[in-house]
Each structure stands twice: as C-alpha cells, then as structure tokens.
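Q: Here is a sequence together with a model predicted from it:
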Amino acid sequence: MSVRTAVAAPAGLGEDACHELARHLAWSLEGVTACGFESKTGSLWFVTEKPLDQADLMQAADDRGRAIQAFPSRRLASFTKHPSPAYENVEDLLRERGDLKPVGPTTLALGGTAALLATRLERMMKTEAAKLGADEWLLPSLMFTQDLARSGYLRDFPHQANLVCHLPGQPEDVKLAASQIISGSEIPSRLSSALAPTVCYRLFTTLADSVVEPELMVQSASAKCFRHEGAAGAGLDRLGEFSMREIVAIGKPEAVSDFRDTLLALSGRLLQATRLHSWIESASDPFFTDVWEKGRLFQMGFDLKAELRVRVAGRAESLAVGSVNHHRDHFGLAFNIRDSTGDPVHSCCVGFGIERWTLAVLSHFGPEPGDWPEILQEA
Ligand SMILES: [Zn+2]
C-alpha cells in the first residue's frame, strides 16, 4: 500500500526551488517512490510505503525553505524573447516511435531522430571547444573511488555516487556470488571503482600531482556521466547515465577567471543559436547535508556557478541544460596540481548535458529535423 503525504511549501519560494526542494527532501525520507510540487495547491507531495510524520516533514521543508530564501539567484543573461516551447508530449511521441528505449535502470537508448539530434548537438559543442583551442580527450567511465573522494564529491553528493562492485574471489567464488545475486541474496562487495559523475574530475585526475607550466590550459571531452537519481530518474532530463560535453580550463587565477567569462559568453551564444526560451542565472548546488550552508555561501559569495536554464513545454519547472563553474583552487588543492610558482592551479569548466539539450530542442521545435534551428541542420 502506498501513502501520499502533502505539506504546504514554504511561502515565497519560486516554482523551480519548490521542485528542487521536493526532490531534496525525498532523499532524506525513507522509501519515497515518487515526489513533486503541485503549484495549484502550493504543496509538496511524497508517495511512500509507510505514512510520514506531517509535522516533521513540515519542519524539514521550512528549514530548507528559509535557507534557500536567504540566497536568491540572479539572472545573468536572458533569451526569453525566443518563443515559448509548444511540443508538450514530444518525449512520449519519441517513445511511441521507438526512438527512446529504456535499457537499464534509469537509462535510455536513443535511436532515430533522438540519436540524430543528440549527435548534431554534440558535434556543435565539440566544434566550439576546438575553436577555443581545447585539447580533445577520450575518457574512460571508470575512476578510482579514492579520486572521487579526493574531489570532494563523496563528501558533498554521496547520495548520487555510483560505486562499481565486481564479483569477488576466484572462479568458484565468482560463480557462487553470481548465483547468490541471481537468487536475490546480498553479496560482499569490493568498492574500489566508481562510475565518474562528471567529465572534469577525470581530466583533473590526468593532471594529479603535477605542475602545469602554461598560464592557461584548455581541455575538452565528451563522456558518459553517472549520477544515481533514485525515484526521480526516468526521462531525458534525469538519467542515471547521461552524456556530457565539458570544456575545462586550468591555470593561473586571472587567466581562469577570464576564461570563465569566455565560457559564459559561449553558453549564451549556444542558447541564442539553438533559439531556446532560456536564461543564464547564478546558482548553487544548495541541497546537501552539513556542507550545505558553507558550500552555498562560498559559491554565492564568489558567484561560482551559473546555470543555463530552459523552458520545457508543459512543465512549470525550467530545466538546467548546462552550467559554468568556477572552482577557484578547489581542485588544484584536491588533486595537488600546481603552477610554475608552486601555487595550486585555479580551474573552471562548462558542462553541457547532451540528453537535456536534446529534450529542450525537441520541446521547442518538435521531432522533424527540418524544423530545427539552422545551427542544427548540418552541424
Ligand atoms: Zn566540470
């Protein structure tokens, strides 16, 4: 039996913040199978196996809500003159056509039109990375769990980490372990490998414990990224495995800071060229545990994260299709990457989520390639 519990969202929070708040609260509650925000009634709702304590839930929502309101986001650029998207059920249409197929937990295989569009978007972004002088890398999906810990990800986003466990032991043990899995019982796991959640961590790992001589080094790669999305995962907008094109700059503080502006300008140009109803706003990864306050204050204080947000047809919540992040010396310190004077390097990156851009373009222009913006006609 599942139970639905709803509480009023804290007053004064924007639509996007309320959706994010619902998703975040779901992480800290047990056995949530679905969650959301209903703007008509202004309520956050959760579906669980066992009933939730309404007073506790209300308290948690208020606490988070107050903290969010203390740091409103700012709009840095606007492309809202572009017409609003109108293709409301485009994802369902692609599923019906067989262009989107679930092949594993929170994953989708893209075929037909979806594959064509995702490929063209990725090619457009790769071209831009090359224009910025980025060295192209091909990256593996696996990294050492130790490197993931080093990056700070296991501290800040442990709920989204994916560790890979191999079947332990010699052939006989492996067979036994496999049969235990098949029969549904627990197996001991060796968790030395992790699926990478971002592209840039892997690029930093290639530079760990080294000295970067140039003022600025620019690298780029497109790779699969993995984030456990729990009950929230499903569609093109929230996949457990997704593709991301990143451009990363590493070097002296001033050069990195300037390059961050270059990445913001590039982001604006791409939103403009793909004619999406969108904007860029300062943002943060506000919602986790104790580092929440400190991390967010830090990010807001230095304006370290900007999100590219797009309207999607039929949804009140906008969708982040990318972000520009200024890490300052965080990864220089974490991975012991130094400049020629021995100081930790600074870094910044832009990440474009390919499947989310795909959804955004489909939502604006529909599934017919001939209707897509010019830049995607033959990119
Ligand atoms: Zn990055």
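A: Perfect, I can see it now. Residues are numbered from 1 along each chain as shown.

Q: so what's the residue in the stretch 101-250 of the chain positioned nearest to the ion up against?
A: Nearest residue of the stretch 101-250 of the chain to the ion (CB to the ion) works out as Cys200 at 3.1 Å. (Glycine included, C-beta is placed from N, CA and C.) Counting by CB atoms under 8 Å, 6 or more residues apart in numbering, Cys200 touches Glu246, Val248, Phe331, Ser347, Cys349, Gly351.

Q: now Thr206
A: Trp137.

Q: can you do 6 Å?
A: For Thr206, the contact set (CB atoms under 6 Å, 6 or more residues apart in numbering) is empty.

Q: wouldn't Gly42 be in contact with Ala9 here?
A: Yes. With contact defined as CB atoms under 6 Å, Gly42 counts as touching Ala9 (5.4 Å).

Q: The two: which is more packed in?
A: Ala9 (24 against 14; other CB atoms under 10 Å).

Q: pLDDT added to the contacts of Cys200, as JSON lines?
A: Shown next, in JSON lines, are the contacts of Cys200 (pLDDT from 0 to 100):
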{"residue": "Glu246", "pLDDT": "97"}
{"residue": "Val248", "pLDDT": "97"}
{"residue": "Phe331", "pLDDT": "93"}
{"residue": "Ser347", "pLDDT": "96"}
{"residue": "Cys349", "pLDDT": "97"}
{"residue": "Gly351", "pLDDT": "97"}
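
Q: Run through the bridge partners of the closest residue to Leu207 other than its chain neighbours.
A: Nearest residue to Leu207, sequence neighbours excluded (CB to CB, 6 or more residues apart in numbering): Ile337, at 4.9 Å. For Ile337, the beta-bridge partners are Ser210 (DSSP bridges).

Q: Contact residues of this protein facing the ion?
A: Thr198, Cys200, Cys349, Gly351 (CB under 5 Å from the ion).

Q: closest to Thr113 among those?
A: Lowest distance from Thr113 to the residues of the chain next to the ion (CB to CB) belongs to Gly351, with 24.1 Å.

Q: Just give the number of residues close to that closest one.
A: 21.

Q: Go ahead and list the helix or strand containing it.
A: strand 346-353 (DSSP states H and E).

Q: how far does that strand sit from the chain's center?
A: 12 Å (CA atoms, centre = their mean, to the nearest Å).

Q: How about residues contacting that strand?
A: Counting by CB under 6 Å, 6+ apart, 125, 200, 244-250, 253, 256, 260, 263, 321-329, 331 sit against strand 346-353.
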